[in-house]
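Colleague: here is my input, please return the structure:
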Amino acid sequence: MQNFIKILPLFILFYSCSSGDIHFNKANSQFKNDLDESWIVINYWADWCPPCLKEMPELVNFAQSNPDIEVFAYNFDRLEPEYLDPLILRFGVDIPSITSHPREVWGIESPAILPATYFIKPGGEVVLSLLTPQTEASLQEHLDSLQGDS
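Modeller: You can find the predicted model right below:
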């Protein structure tokens, strides 16, 4: 028991200092396990993709209308913060931007076309891939349908 008490502070220190496996632009990292109870929507976008830029306000509105859903943006070009930050501001990417490749976290490969949006159900399974531009209404319809199937 005394050994356990001696080791416990080290475990707590290690756990509190460890980095999550999902990294964000300008935010703390998070553990994938912390999201296991949530629906997640991942959107690949790029500044050279006009449909992506048209779609971004729709994603932001969808996220604001669904605060219980995790909606993340992922820049297709994997830009460094000094290049990504101005684009996020310029194009109103008002949803959290992940910098961890979705392949490393959820097994989502880079799509061949943009925009691309993926729905992940609680537990981490990708259940829908959309490779066309979406609106707030279409995203809501897909989410409602998926949640009805669960």
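
Colleague: show me where this protein has strands.
Modeller: Using DSSP state E, the strands of the chain run over 22-24, 27-30, 40-45, 70-75, 97-98, 116-121, 125-130.

Colleague: tabulate those (TSV), appending distance to Cys52, mean pLDDT and mean neighbour count.
Modeller: C-beta: built from backbone N, CA, C; applies to glycine. Formatted as TSV, the strands of the chain follow (distance: least, Cβ to Cβ, whole Å; pLDDT from 0 to 100; neighbours: other Cβ atoms under 10 Å):
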stretch	distance to Cys52	mean pLDDT	mean neighbour count
strand 22-24	19	93	19
strand 27-30	21	88	13
strand 40-45	4	98	24
strand 70-75	9	97	22
strand 97-98	13	96	22
strand 116-121	9	98	22
strand 125-130	13	98	14
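
Colleague: please look at His23 and Ser100 and confirm they touch.
Modeller: Yes: applying Cβ atoms under 8 Å, one finds His23 in contact with Ser100, separated by 4.6 Å.

Colleague: one step back: of all the strands of the chain, which lies closest to Glu82?
Modeller: strand 70-75 (12.8 Å; Cβ to Cβ).

Colleague: how distant is the closest one from the center of its chain?
Modeller: 4 Å (Cα atoms, centre = their mean, to the nearest Å).

Colleague: now do stretch 43-56
Modeller: 15 Å.

Colleague: how about stretch 77-95?
Modeller: With Cα atoms, centre = their mean, you get 14 Å for stretch 77-95.

Colleague: that one: end-to-end distance?
Modeller: Start to finish, the residues bounding stretch 77-95 are 17 Å apart (Cα to Cα, to the nearest Å).

Colleague: check which residues of it are buried.
Modeller: Neighbour-count burial for stretch 77-95 flags 79, 84, 87-88, 91, 93-95 (criterion: 16 or more other Cβ atoms under 10 Å).

Colleague: show me what that stretch is in contact with.
Modeller: Contact with stretch 77-95 is made by 25-26, 43, 45-47, 53, 56-57, 59-60, 63, 71-73, 75, 97, 99, 101, as judged by Cβ atoms under 8 Å, 6 or more residues apart in numbering.
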